[in-house]
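Colleague: 3D, please:
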Amino acid sequence: MSSKKTSENSRRNFLSASLLATFGLTNLNFVAKNDNLKTIKPAALKRGDIIGLVCPAYSAFIKEEVTIAVEGLQTMGFKVVLGKHVFDRYGNLAGKDEDRAADINEMFANKSVNAIMAMHGGWGSARILSLLNYDTIKNNPKIFIGYSDITALLLGIYSQTGLVTFHGPVGSSTWNTFTVDYFKNTLIDGNTTRMSNPVRKGDALVQMEDRIYTIYGGKASGKLIGGNLTVLSHILGSMYVPDFKGAILFIEDVQEDTYRIDRMMTQLKITGILNQLAGFVFGKCTDCPPSKNYGSLTLEDIFEDHIKPLKIPAFSGAMIGHIKDKFTVPIGIEATMDADEGTIKLRESAVI
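Modeller: The predicted model follows:
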């Protein structure tokens with residue numbers, strides 16, 4: 001090998017090692033850490049407060065859905081202001097990345113806005129993570145809520161500012177009694193909410209739906225961190241992923257074959273995240289059938305392979321995900337989970 005090639009290879013190796021060290025990836029541990037992160041709680045909501053409705057990802061294709069969302073929030077006693085680019089179109093997105101980010105930055109900067117809610121998810125939130133003004137967000141803390149693709153923003157904002165964010169309903173959600181009660185308990189009343197699945201047998205002898213599956217029994221305490229599994233797996237290795245050490249990880253997903261769930265759970269395992277957890281909660285995997293191939297793994301198989309060997313309290317079936325009845329789950333708040341009962345209890349208020 002020529003001295004020129006040797007020199008070039010040495011230079012590349014040095015640059016690669018430097019980049020890995022810079023981003024803390026020398027051991028392929030893609031967990032961003034901020035040991036000095038101070039938890040910031042937003043102010044509780046009250047009647048008459050203003051909720052800003054934004055589209056961080058998909059455009060609001062159907063205007064009537066926005067009208068219904070506004071009317072629902074108004075019925076709960078809130079005023080609503082729409083982001084400037086809610087109805088913009090750039091492909092499937094609600095305008096260019098800069099415009100969607102600008103709506104969120106402006107909502108945080110606007111002193112009259114008390115909370116910010118995504119109209120819906122889709123795909124596109126991760127594209128604007130680097131465009132958010134985290135100093136503005138940190139200096140103007142307020143409720144930020146959504147689920148699914150909004151997971152990227154929930155985790156990104158929390159990891160960069162310490163602001164507690166909320167995995168919960170979006171504007172287009174079904175605002176039924178179950179969802180509204182958990183929304184009010186956590187964000188308006190500021191209760192140390194106990195989240196438990198509804199008990200409804202109908203005329204059956206035993207409960208058929210919304211059952212809890214205990215993967216490994218026991219109780220665990222730690223900060224709640226999580227969201228959509230697919231979105232989480234796609235932002236691993238970035239600065240927008242919080243520290244999972246001692247956390248209770250909650251995840252959910254939709255329309256993913258079980259082999260894909262297995263792939264993403266394997267990713268969480270080999271990056272070292274699963275080994276850091278105090279507890280694990282899988283919400284709903286809506287429309288996640290076993291793949292059509294012979295001998296497909298089931299969700300229960302995947303839990304047995306990846307979660308049970310951890311020997312930490314773990315359960316699945318919580319009302320978290322792409323479902324009508326959903327919890328409002330704060331990210332960054334201390335909680336205790338009971339894997340035998342299938343419950344999550346906040347140990348502190350998520351708002352002030």
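Colleague: Can you classify residue 126 as helix, strand or coil?
Modeller: What DSSP: H, G, I helix; E, B strand; the rest coil gives for residue 126 is helix.
Colleague: For it, the count of nearby residues, please.
Modeller: 20 (other CB atoms under 10 Å). For glycine as for every other residue, the C-beta is placed from the backbone atoms N, C-alpha and C.
Colleague: residues touching it, list them.
Modeller: Counting by CB atoms under 8 Å, 6 or more residues apart in numbering, residue 126 touches 149, 152, 231, 234, 235, 240.
Colleague: before we move on, what about residue 196?
Modeller: Counting by CB under 8 Å, 6+ apart, residue 196 makes contact with 341, 342, 343.
Colleague: Verify the stated contact: residue 180 with residue 77.
Modeller: No: using CB atoms under 8 Å, residue 180 makes no contact with residue 77, being 11.3 Å away.
Colleague: ranges for the helices of the stretch 1-150 of the chain?
Modeller: Under the criterion DSSP state H, counting those that start in this stretch, helices of the stretch 1-150 of the chain are mapped to 3-22, 63-75, 97-109, 134-139.
Colleague: now the third one: mean pLDDT?
Modeller: For helix 97-109, mean pLDDT is 98.
Colleague: Give me the distance between the closest residue to residue 213 other than its chain neighbours and residue 124.
Modeller: Using CB to CB, 6 or more residues apart in numbering and skipping residues adjacent in sequence, the residue nearest residue 213 is residue 316, 4.8 Å away. According to CB to CB, to the nearest Å, residue 316 stands 28 Å off from residue 124.
Colleague: Residue 180 and residue 77: which has the busier surroundings?
Modeller: Legend: neighbour count by other CB under 10 Å for residue 180 and residue 77, higher for residue 180 (18 against 12).
Colleague: For that one, give me its contacts.
Modeller: Listed by CB under 8 Å, 6+ apart, the contact partners of residue 180 are residue 76.
Colleague: and it, helix, strand or coil?
Modeller: Under three-state DSSP, residue 180 falls in the helix class.
Colleague: who's in contact with residue 267?
Modeller: Residues in contact with residue 267 (CB under 8 Å, 6+ apart) are 233, 236.
Colleague: what about it, distance to residue 283?
Modeller: 18 Å.
Colleague: Repeat that for residue 302.
Modeller: 14 Å.
Colleague: Looking at the two, which one has more neighbours?
Modeller: It is residue 283, of residue 302 and residue 283, that has more neighbours when counted by other CB under 10 Å, with 26 against 21.
Colleague: In this structure, where is pLDDT below threshold?
Modeller: Where the chain drops to pLDDT under 70, the residues are 1-35, 291-294.
Colleague: Could you pick out the longest strand of it?
Modeller: Longest strand in the chain by number of residues (criterion: DSSP state E): strand 219-228.
Colleague: Using PDB, write down the CA coordinates of it.
Modeller: Taking Å, rounded to 0.1, in the frame of the first residue of the first chain, the C-alpha atoms of strand 219-228 are listed here in PDB:
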ATOM      1  CA  LYS A 219     -43.700  -2.900  40.600                       C
ATOM      2  CA  ALA A 220     -41.200  -0.400  39.400                       C
ATOM      3  CA  SER A 221     -40.700   3.300  39.700                       C
ATOM      4  CA  GLY A 222     -39.000   5.700  37.300                       C
ATOM      5  CA  LYS A 223     -39.600   8.500  34.800                       C
ATOM      6  CA  LEU A 224     -42.000   7.800  32.100                       C
ATOM      7  CA  ILE A 225     -40.400   8.100  28.700                       C
ATOM      8  CA  GLY A 226     -41.700   6.700  25.400                       C
ATOM      9  CA  GLY A 227     -44.100   7.000  22.500                       C
ATOM     10  CA  ASN A 228     -44.400   5.400  19.100                       C
END
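Colleague: Give me the helices and strands touching that strand, please.
Modeller: Applying 3 or more CB pairs under 8 Å, 6 or more residues apart in numbering; DSSP states H and E, we find strand 219-228 packed against helix 151-161, strand 248-254, strand 279-286, strand 329-331, strand 334-338.
Colleague: So residue 215 lies in a strand, does it not?
Modeller: Yes: Residue 215 forms part of a strand when assessed by three-state DSSP.
Colleague: Report the contact partners of the residue nearest to it when sequence neighbours are not counted.
Modeller: Distances taken as CB to CB, 6+ apart place residue 314 nearest to residue 215, at 3.9 Å, with adjacent residues excluded. Listed by CB under 8 Å, 6+ apart, the contact set of residue 314 reads 214, 215, 216, 279, 280, 281, 282, 303, 307, 308, 339.
Colleague: With distance to residue 351 added, can I get these in CSV?
Modeller: Shown next, in CSV, are these (distance: CB to CB, whole Å):
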residue, distance to residue 351
214, 31
215, 31
216, 32
279, 23
280, 26
281, 21
282, 26
303, 33
307, 31
308, 35
339, 27
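Colleague: Mark which of those are buried, thanks.
Modeller: 214, 215, 216, 279, 280, 281, 282, 303, 307, 339 (16 or more other CB atoms under 10 Å).
Colleague: Against residue 184, how distant is the residue nearest to residue 213?
Modeller: From residue 316 over to residue 184 the distance is 26 Å, taken as CB to CB.
Colleague: Check residue 209 too.
Modeller: Computed as CB to CB, the residue 209 to residue 184 distance reads 24 Å.
Colleague: next one: residue 331
Modeller: 19 Å.
Colleague: neighbour-wise, which of these two wins?
Modeller: Comparing residue 331 with residue 184 by other CB under 10 Å, the one with more neighbours is residue 331, at 25 against 15.
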